[in-house]
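J.: sharing a model that was predicted from the sequence below.
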Amino acid sequence: MDIKVIKTEKDYQMALKRLEVIFDAPIDSSEGDEAEILSILIEKYEDEHYPIEAPDPIEAIKFRMEQMDLSKSDLAEIIGYKSRVSEIFSRKRKLTLEMIRRLHDKLKIPYESLIVDSK
């Protein structure tokens with residue numbers, strides 16, 4: 001096992017290739033230990049160099065509506081009036097705390113996705 005900190009893109013690519021080779025190693029083996037350590041190092045490098053930002057709240061709502069085959073009328077039953085849904089989708093009105101709670105409870109949209117400032 002020759003593990004080192006991932007500092008460059010080349011190091012990152014080499015770590016990915018090595019992990020691909022040993023990915024299915026038994027957990028209680030030296031290769032299994034190496035795979036676990038490599039996974040941690042790769043995740044750290046990706047978090048620093050390829051961060052994933054939270055989605056826009058409006059896009060998160062639209063995506064969840066599409067998944068659940070909901071209409072704007074269905075959404076109005078959750079957060080209030082149809083006109084309010086239109087104002088939110090056109091970004092003329094921000095989500096209130098109560099709306100965020102209802103969207104989380106009814107549509108299971110994570111709070112983190114709903115509290116990000118929309119564009």
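T.: Nice, I can see it.

J.: every contact and neighbour count from this point should use C-alpha atoms.
T.: OK.

J.: packing partners of the lengthiest helix in the chain?
T.: What stands out as the longest helix in the chain, according to DSSP state H, is helix 30-49. When contacts are defined as 3 or more CA pairs under 8 Å, 6 or more residues apart in numbering; DSSP states H and E, helix 30-49 packs onto helix 9-22.

J.: so the protein: which segments form each domain?
T.: Following automatic domain parsing, the chain resolves into domains at 9-49, 57-114.

J.: quick one: average pLDDT of the last one?
T.: Confidence over domain 57-114 (mean pLDDT, whole number) is 94.

J.: what of the shortest one?
T.: Domain 9-49 shows an average pLDDT of 95 in the prediction.

J.: quick check: end-to-end length of it?
T.: Domain 9-49 has its terminal residues 9 Å apart, counting by CA to CA, to the nearest Å.

J.: now do stretch 97-115
T.: Stretch 97-115 end-to-end distance (CA to CA) = 9 Å.

J.: show me what counts as buried in it.
T.: Ile100, Arg101, Leu103, His104, Ile109, Ser113, Leu114, Ile115 (16 or more other CA atoms under 10 Å).

J.: list the contacts of the last one.
T.: By CA atoms under 8 Å, 6 or more residues apart in numbering, the contact list for Ile115 reads Pro57, Ile100.

J.: now it: phi and psi?
T.: Here is the backbone geometry of Ile115 (degrees, to the nearest 10): phi -100, psi 0.

J.: for Ala25, see how far away it is.
T.: Using CA to CA, Ile115 is found at 41 Å from Ala25.
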